[in-house]
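Chemist: A predicted structure for the sequence below; I have some questions about it.
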Amino acid sequence: MDTPVPDLRVRTVVPDYAGMHPLVADLVLPEGASMSVMSALETSRELIRHSYYRYEFATVAVTHALFAVEQVLAERLADEDAPPGELVRRAADAGLVSAYLAGELERGLRLRERIARGAATSAVVNPLRAVDLVRAVFDTVAVLLRPAAQAAGTGGTSGTGDAGGAGGAEDPRERLARLWEEHRNAPFPASFRGVDIDGADLVLLDADVAGLVQRELEGGLDGEGVAALRARIAALRAVVPLLDEEYCAAYFTRLRTAADLAAARHLPPAA
């Protein structure tokens, strides 16, 4: 049997096949899922892993993972006839999933529609971005399968996504470190260099947030740093909805999530 040949398009992502394993290591199958949901999720995870040999598998992983979340949403909302996009919006409006997760799911659904119309190819998503989108599916399924009381107690309506992953146990600082490593490895959207949106230079905004998040990870922000980070978060909240290019929107959505996580430990205690 011929030995599989690595896809040269993945060489900028990992140096060898073994490097694919850490990318998908935290895509843990959620407890309580049906066999069909588990199968879709596990297949999606393995498709990303094997995109080392066929780049297009990363895009296929995203589109396949959506079958799982559609099934769980339909069951949770007791509506098997509504289109997937409507189910996602209803779940977000009901506080069942965070705005971040809903946004990632909607991007995945738009991607699938573009491929179905022939407006995009199966090579449109790189493996790193596929991990983000598939993780959103894993996290959403995990949140939706939790008992209602437990889901309410774990911050399911947070704007930064489900930091706990499938088991709700991941430390926010570890989540931030992992997310930040992903962001650092992602190239800045080249066509947006020098672009100013809503009064914010995207390169400078990215650099400012990077410096502040790094300071938080290395020892913690002081009061001045926290104030600066909150100002940048406000800028990101204004900018991200205006980004209509898929990769750029994903890049700055992840940046905003990292900034939110970095700022979270500095929130004042509840009264």
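Modeler: Cool, the structure landed. Residues are numbered from 1 along each chain as shown.
Chemist: Give me the buried positions along whichever strand or helix holds Ala227.
Modeler: Per DSSP states H and E, Ala227 falls inside helix 223-239. Across helix 223-239, burial judged by 16 or more other CB atoms under 10 Å covers Gly225, Val226, Ala228, Leu229, Arg232, Ile233, Ala235, Leu236, Val239. The C-beta positions use only the backbone N, C-alpha and C, and glycine is treated the same way.
Chemist: could you dump those residues to TSV with pLDDT and distance to Ser34?
Modeler: Shown next, in TSV, are the buried residues of helix 223-239 (pLDDT from 0 to 100; distance: CB to CB, whole Å):
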residue	pLDDT	distance to Ser34
Gly225	90	46
Val226	90	44
Ala228	92	46
Leu229	91	41
Arg232	91	42
Ile233	90	38
Ala235	91	42
Leu236	90	37
Val239	88	39
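Chemist: Would you format these as a markdown table with distance to Thr257 included?
Modeler: Listed next are those as a markdown table, based on distance: CB to CB, whole Å:
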| residue | distance to Thr257 |
| --- | --- |
| Gly225 | 18 |
| Val226 | 17 |
| Ala228 | 18 |
| Leu229 | 13 |
| Arg232 | 13 |
| Ile233 | 10 |
| Ala235 | 15 |
| Leu236 | 9 |
| Val239 | 14 |
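Chemist: quick one: Asp196 and Leu204 touch, right?
Modeler: No. The pair Asp196 and Leu204 does not pass the contact test of CB atoms under 8 Å, sitting 9.3 Å apart.
Chemist: so the nearest residue to Arg112 once chain neighbours are set aside is in which element?
Modeler: Using CB to CB, 6 or more residues apart in numbering and skipping residues adjacent in sequence, the residue nearest Arg112 is Thr63, 4.8 Å away. Using DSSP H and E, Thr63 falls within helix 57-76.
Chemist: buried set for the helix or strand following that helix?
Modeler: Sequence order places helix 84-93 as the next helix or strand after helix 57-76, per DSSP H and E. Of the residues in helix 84-93, Pro84, Leu87, Val88, Arg90, Ala91, Ala92 count as buried by neighbour count, 16+ other CB under 10 Å.
Chemist: Find the nearest non-adjacent residue to the second one, please.
Modeler: The shortest distance from Leu87 to any non-neighbouring residue, by CB to CB, 6+ apart, is to Leu73 (4.1 Å).
Chemist: show me what contacts the one you found?
Modeler: Neighbour list for Leu73: Pro84, Leu87, Val88, Ala91, Thr140, Leu144 [criterion: CB atoms under 8 Å, 6 or more residues apart in numbering].
Chemist: What ranges does the stretch 151-271 of the chain have for its strands?
Modeler: In the stretch 151-271 of the chain, the segments counted as strands under DSSP state E, counting those that start in this stretch are 196-197, 200-201.
Chemist: For the nearest residue to Phe57 once chain neighbours are set aside, grab phi and psi.
Modeler: Distances taken as CB to CB, 6+ apart place Ser51 nearest to Phe57, at 4.0 Å, with adjacent residues excluded. Backbone dihedrals for Ser51, given as degrees, to the nearest 10, come out at phi -70, psi -10.
Chemist: what's the pLDDT at Ser51?
Modeler: Each residue has a pLDDT score; the one for Ser51 is 96.
Chemist: That one against Val62, yeah?
Modeler: No. Ser51 is beyond contact range of Val62, at 10.7 Å (criterion: CB under 8 Å).
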